[in-house]
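[1] Provided below are the primary sequence and the corresponding predicted coordinates.
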Amino acid sequence: MNIEELRKIVQKRREAIKENMKNIKHKIAVMSGKGGVGKTTVAINLAVSLAKRKKRNDGYSVALLDADIDCPNVNKFLGIEEPFQIRNDKIIPVKKYDIDVVSFASLQEREDQPIIWRGPMLSKAIMQLLEQVEWGELDYLVIDLPPGTSDASLTIMQEIVPDGIIIVTTPQSAAVVDAKKSANMAKELKIPVLGIIENMSGEIFGSGGGEKAAEELGINFLGKIELDKEIARCAEKKKPVVLESFELAEKFKKIVNTIEEVLK
Ligand SMILES: Nc1ncnc2c1ncn2[C@@H]1O[C@H](COP(=O)(O)OP(=O)(O)OP(=O)(O)O)[C@@H](O)[C@H]1O
Ligand SMILES: [Mg+2]
């Protein structure tokens, strides 16, 4: 196969993905330079907060894509154990807490089994999934990315082309430097940054780094989430904290409001 033929195949798949995802109004990716800063926590609670608005009838249908292929842990955080259902050759997302969840973990046989896909194979697996899922009509797709600027992140950015990116950082200066790196990657890919969220603020890690980075980069600061026992407890209980804590539900509501403003 020559390079021209290969290009055509890639182009065809891209178009198929685009066609398959055409009824999704907004796609938001949650990103960070460093691992373990709280992307998955933010992505889950953001998705559930968006879906909660549906109940008030001003409406959002929401899906959450766990794009962390090496360590997909959305399912673990939400207590999802069942695999995908397949209907007419399409992958049906797993419904939980009013959101449609799509995670590579739903393809795994055992939770502690590593998924080993590298380079081109990994990109192929992502493209296949994006093309096979029955996304349906969605107001929002929230994408939980792996940390950093890996092959998986790049493939997602290029194939899905999110409307915007949310950067999560912890308050320490090292994490903030990495957050700036993420902002620069977004810029290179010409995807707007909707804002920065500072997570794990408080006495232990300090506070203010996220806001400062946002100021320096000229992007929105979406808010601060404290290092909070309730968040850790809910993760253990496999329940989104916004369904358990009024205070955090309010915080995420504000973040959602700001995101909506920015998307307008
Ligand atoms: N504000 C917080 N307060 C307390 N615990 C938190 C907070 N945010 C996240 N955590 C906990 O910290 C751990 C890491 O969070 P999370 O998995 O969301 O980070 P991540 O950025 O998605 O990590 P990875 O890079 O591995 O994907 C989890 O156990 C989570 O429950
Ligand atoms: Mg994660």
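    Yep, that arrived. Ligands and ions are numbered 1, 2, ... in the order given.

[2] only C-alpha atoms for contact and neighbour calcs from this point on.
    OK.

[3] what parts of the protein come near ligand 1?
    Taking Cα under 6 Å from any ligand atom as the contact definition, the chain meets ligand 1 at 35-41, 146-147, 199-200, 225-229, 231-232, 235.

[4] among those residues, name the buried ones.
    Among the residues of the chain next to ligand 1, those buried by neighbour count (16 or more other Cα atoms under 10 Å) are 37-41, 146-147, 199-200, 225-227, 231, 235.

[5] narrow these to those in strands?
    Taking DSSP state E as the definition of strands, these contribute 199, 200, 225, 226.

[6] just the ones in helices from the residues of the chain next to ligand 1, please.
    In helices, defined here by DSSP state H, the members of these are 39, 40, 41, 229, 231, 232, 235.

[7] columns pLDDT and distance to residue 152 on top of those residues, output as TSV?
    Below are those laid out as TSV (pLDDT from 0 to 100; distance: Cα to Cα, whole Å):
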residue	pLDDT	distance to residue 152
39	96	15
40	96	16
41	97	19
229	95	31
231	96	27
232	95	27
235	93	25
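
[8] from those, pick the one nearest residue 85.
    Nearest to residue 85 among those: residue 40, at 23.4 Å, using Cα to Cα.

[9] rewinding a little: and the furthest pair within the buried ones among the residues of the chain next to ligand 1?
    146 and 226 (22.0 Å).

[10] neighbours of residue 128, how many?
    Residue 128 is flanked by 14 other residues according to other Cα atoms under 10 Å.

[11] just the one 4 residues further on next, same as before
    Taking other Cα under 10 Å as the criterion, the count of residues near residue 132 is 17.

[12] one more: the one 5 residues further on?
    The tally of other residues near residue 137 (other Cα under 10 Å) stands at 14.

[13] ok now do it, which residues does it touch?
    Residue 137 makes contact with 23, 24, 61, according to Cα atoms under 8 Å, 6 or more residues apart in numbering.

[14] got a quick PyMOL command for the buried subset of those?
    Buried subset of the contacts of residue 137, written as a PyMOL selection, criterion 16+ other Cα under 10 Å:
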select buried, resi 24+61
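
[15] show residues contacting the worst-scoring helix or strand of the chain on mean pLDDT.
    Using mean pLDDT, DSSP states H and E, helix 119-132 stands out as the lowest-scoring helix or strand of the chain, at a mean of 82. The contact list for helix 119-132, computed with Cα under 8 Å, 6+ apart, reads 13-14, 16-17, 20-21, 89-91, 151-152, 155-156, 159.

[16] one more: stretch 213-226?
    176, 179-180, 193-202, 210-211, 251, 255, 258-259.

[17] out of these, which end up buried?
    Looks like the contacts of stretch 213-226 have 176, 179-180, 193-201, 210-211, 251, 255, 258-259 buried, using 16+ other Cα under 10 Å.

[18] show me where the chain has its strands.
    24-31, 62-66, 85-87, 90-92, 94-96, 99-103, 138-144, 164-169, 193-201, 221-226.

[19] re the thing from before, nearest to ligand 1 among the contacts of helix 119-132?
    Using Cα to the nearest ligand atom, residue 152 comes nearest to ligand 1 of these, at 12.6 Å.

[20] quick one: which of the contacts of helix 119-132 has the most company?
    Highest count within these by other Cα under 10 Å belongs to residue 152, 25 neighbours.

[21] nearest residue to it other than its sequence neighbours?
    In space, and not counting its chain neighbours, residue 152 is closest to residue 123: 6.5 Å by Cα to Cα, 6 or more residues apart in numbering.

[22] any idea how far that neighbour is from residue 50?
    29 Å (Cα to Cα, to the nearest Å).

[23] more crowded one of the two?
    Per other Cα under 10 Å, whichever of residue 123 and residue 50 has more neighbours is residue 50, with 24 against 19.

[24] residue contacts, the more buried one?
    60, 61, 62, 140, 256.

[25] mind putting those in JSON lines, pLDDT included?
    Listed next are the contacts of residue 50 as JSON lines, based on pLDDT from 0 to 100:
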{"residue": "60", "pLDDT": "88"}
{"residue": "61", "pLDDT": "94"}
{"residue": "62", "pLDDT": "96"}
{"residue": "140", "pLDDT": "96"}
{"residue": "256", "pLDDT": "94"}
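
[26] done for today, thanks.
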